[in-house]
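> return a 3D structure for these sequence lines:
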Amino acid sequence: MASGLLAILFNAHQESISFRLGTRQRDVHWTCVLDTAKPEAARPAFEHMSEFPLQGRSLTVLRAELPTIPSKT
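Residues are numbered from 1 along each chain as shown. Alright, predicted model coming up:
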C-alpha cells in the first residue's frame, strides 16, 4: 500500500471527541501512527468512515493507507 495522506487530530478539551475518518476515496484504511493518550498501545487500523475516539487533551496522527495502482508494463 502506498500512503500519501495524514490526519492530525487535536483535542484540547478534557472530554473525548469522536472523529469520523473519511476521504473521497472509499477504499482507504487509516493507521494510527501516534496517539499521545496511548503512547505504548498497539497501533489500530480503521476503515473508511469509521469513528476515531480522540481522548481528552491528546494528539493523534493517522496515516491513510491507499491501495497501490498496478504499473502498466
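> and stretch 47-60, how far apart are its ends?
16 Å (Cα to Cα, to the nearest Å).
> can you give me how far it is from the chain middle?
7 Å (Cα atoms, centre = their mean, to the nearest Å).
> how many other residues sit next to the closest residue to residue 55 other than its chain neighbours?
If the residues on either side of it in the chain are set aside, residue 55 comes closest to residue 37, at 3.6 Å by Cβ to Cβ, 6 or more residues apart in numbering. Quick note: C-beta positions are derived from backbone N, CA and C, even for glycine. Close neighbours of residue 37, defined as other Cβ atoms under 10 Å, add up to 15.
> repeat for residue 68
Residue 68: 8 neighbours (other Cβ under 10 Å).
> quick check: it vs residue 40, distance?
As defined by Cβ to Cβ, to the nearest Å, residue 68 lies at a distance of 30 Å from residue 40.
> tell me the confidence at residue 34?
Turning to residue 34, the model gives it a pLDDT of 92.
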